[in-house]
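S.K.: Could you work out the structure for the sequence below:
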Amino acid sequence: MKNQEVAQLLYDIADIMEIKGEMVFKVNAYRRAARSIESLSRDIEQICIEGKLDEVPGVGRGIAEKIGEYLNDGKSKYLESLKKGLPPGLGEMLEVEGVGPKKVKLFYEKLKIKNINELEKAAKAGRLRNIPTLGEKTEQNILKSIESFRKRGGRMLLGTATMLADEIVNELKKNKNIDRINVAGSLRRMKETIGDIDILVTSAKPSDVISYFTKMNNVSRVIATGPTKASINLLNGIQVDLRVLPDKEYGSALMYFTGSKEHNVELRKMAIAKRMKLSEYGLFSGKKFVAGKTEGEVYKTLGMQYIEPEMRENRGEIELAKKGKLPNLIGYNDIKGDLQMHTKWSDGANTVEEMALAAKQMGYEYICITDHVGNLVIRTQ
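M.R.: Numbers count the residues shown, from 1 in each chain. So this is what the prediction gives:
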């Protein structure tokens, strides 16, 4: 599925249009369509094949044509034409928290700031506060955001990584040679930001799976490939690593590639204390394979509770697991309601009735509609 990819395209178009001073209703139309596509449960490519793009809420004939072009050609001539005459660094500034298209437009028109480096220099020199509507506090907040941006580097937010990983996993599941599949790494631990995406699968035909993985539609470059593993770059630049494993090693490999370095070190120490050896290939007593097919059996053999992925940071979870006193995580089934919901009355994609029925189906006890007044909208990153 390319739903998130298409939604991001429309957000990018809206941002550039706003920077260039296009009419507000045109800008909002693209953002409304982007939000609608983000919330779709169906594959946008399949909807395009069926010729029903203009039936998606918020997607008119013009936007549908641009989506179709992108899905067919892998690029958008319209977006490229919008970017002409604008410094390429303007788009990068939008990645800084608290800096939206309106501020980028102000920085460029008032101070000729064309990229993040120039923005940082201007803020440190106290020049931003001289722009009407801005002030010293805004200037300091932007400096803090730039610092956070640099620390984050090429990392993406958890929500973005989750949707992207789901699309890749769903695509891989179409391959009948794959038996088990799961994401690993910091994404499985639900960290706030994610560097790249790790996926583990089991298969009796690893070479077929590797070939399928490297030939997916959204692959821009194959970084490395081997008999049981491969690394690719997607069209958006994100790296995805795939490992194909025999079934008996799946659990131990999933543990190894999920836990933080510190968590894994402690587990290996525990194995050594029991005169065993733990690695991604399994838990061994001498040369004898003891456990590894599932994560649960490895933890159990080491004498502890199963530790949920989100806890695997070596912050006391191992000691609690030894005593059988790990806390229960709050799951989606524990959520009783939602107090922040938008409908078609403002910038949502569904009616009040549709939202209420969906909430009831999810088992919610209550909801609160929080629509905006007038044309005020919230841009989803």
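
S.K.: Could you pull out the strands in the stretch 51-200 of the chain for me?
M.R.: Counting by DSSP state E, counting those that start in this stretch, one finds strands in the stretch 51-200 of the chain at the ranges 156-157, 178-183, 193-194, 197-203.

S.K.: just checking, what packs against the third one?
M.R.: Using 3 or more CB pairs under 8 Å, 6 or more residues apart in numbering; DSSP states H and E as the contact criterion, the elements in contact with strand 193-194 are strand 156-157, helix 158-172, helix 185-188. For every residue, glycine as well, the C-beta is placed using N, CA and C.

S.K.: Kindly recompute the last result at 10 Å.
M.R.: Using 3 or more CB pairs under 10 Å, 6 or more residues apart in numbering; DSSP states H and E as the contact criterion, the neighbours of strand 193-194 among helices and strands are helix 136-152, strand 156-157, helix 158-172, helix 185-188.

S.K.: sorry, back to before: name the stretch among the strands of the stretch 51-200 of the chain that sits most buried.
M.R.: Mean neighbours per residue, mean count of other CB atoms under 10 Å, is largest over those for strand 197-203, with a mean of 23.

S.K.: out of the strands of the stretch 51-200 of the chain, nearest to K144?
M.R.: When those are ranked by distance to K144, counting by CB to CB, first place goes to strand 193-194 at 16.2 Å.

S.K.: model confidence over that closest one, on average?
M.R.: The average pLDDT for strand 193-194 rounds to 87.

S.K.: contacts for it?
M.R.: Residues lying outside strand 193-194 but in contact with it, judged by CB atoms under 10 Å, 6 or more residues apart in numbering, are 148, 151-162, 164-165, 183, 185-188, 238.

S.K.: For that strand, what is the distance to the chain centroid?
M.R.: Offset of strand 193-194 from its chain centre (CA atoms, centre = their mean, to the nearest Å): 8 Å.

S.K.: Tell me the strands beside it, with direction?
M.R.: strand 156-157 (antiparallel) (DSSP bridges).

S.K.: my guess is K205 contacts P227, does it?
M.R.: No. Under the criterion of CB atoms under 10 Å, K205 lies out of contact with P227, with a separation of 11.2 Å.

S.K.: End to end on stretch 193-200, go ahead and measure it.
M.R.: The stretch stretch 193-200 measures 20 Å between its terminal residues, going by CA to CA, to the nearest Å.

S.K.: Contacts only, for the closest residue in space to G60 that isn't next to it in sequence.
M.R.: Counting by CB to CB, 6 or more residues apart in numbering, D54 is the residue found nearest to G60 once chain neighbours are left out, at 6.3 Å. Taking CB under 10 Å, 6+ apart as the contact definition, D54 lies against 47, 60-65, 67.

S.K.: For the residues you listed, give me TSV that also has pLDDT, distance to S231 and neighbour count.
M.R.: Putting the contacts of D54 into TSV (pLDDT from 0 to 100; distance: CB to CB, whole Å; neighbours: other CB atoms under 10 Å) gives the following:
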residue	pLDDT	distance to S231	neighbour count
I47	92	31	21
G60	90	40	13
R61	90	40	8
G62	92	38	14
I63	94	34	22
A64	93	35	19
E65	93	35	13
I67	94	29	26
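
S.K.: Please tabulate these in CSV, including the columns distance to Y364.
M.R.: Rendered in CSV, the data for those read as follows (distance: CB to CB, whole Å):
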residue, distance to Y364
I47, 28
G60, 32
R61, 36
G62, 36
I63, 32
A64, 33
E65, 38
I67, 32
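
S.K.: Just give me the closest of those residues to Y281.
M.R.: For Y281, the nearest member of those is I47. The distance, counting by CB to CB, is 43.4 Å.

S.K.: Setting the sequence-adjacent residues aside, check what's closest to the closest one.
M.R.: Residue nearest to I47 in three dimensions, not counting chain neighbours: L53, with 5.8 Å by CB to CB, 6+ apart.

S.K.: re the thing from before, identify the contacts common to K205 and P227.
M.R.: Counting by CB under 10 Å, 6+ apart, the shared contacts of K205 and P227 are V244.

S.K.: so where's the stretch 1-150 of the chain shaky on pLDDT?
M.R.: Applying pLDDT under 70 to the predicted model, the residue ranges of the stretch 1-150 of the chain that meet it are 1.

S.K.: Mind doing that once more with 80?
M.R.: When residues are selected by pLDDT under 80, those of the stretch 1-150 of the chain lie in 1-2, 4, 38-39, 41, 88, 91-92, 95, 97, 148-150.

S.K.: number of nearby residues for G237?
M.R.: If you count neighbours by other CB atoms under 10 Å, G237 ends up with 10.

S.K.: Return the distance of it relative to G74.
M.R.: Distance check for G237 against G74: by CB to CB, to the nearest Å, it reads 14 Å.

S.K.: Give the residues shared as contacts by the two.
M.R.: Contacts common to G237 and G74, judged by CB under 10 Å, 6+ apart, are S220.

S.K.: Three-state assignment for M216, please.
M.R.: Recorded secondary structure, M216: coil (DSSP: H, G, I helix; E, B strand; the rest coil).

S.K.: neighbours of it, just the number please.
M.R.: With neighbours defined by other CB under 10 Å, the count for M216 comes to 15.
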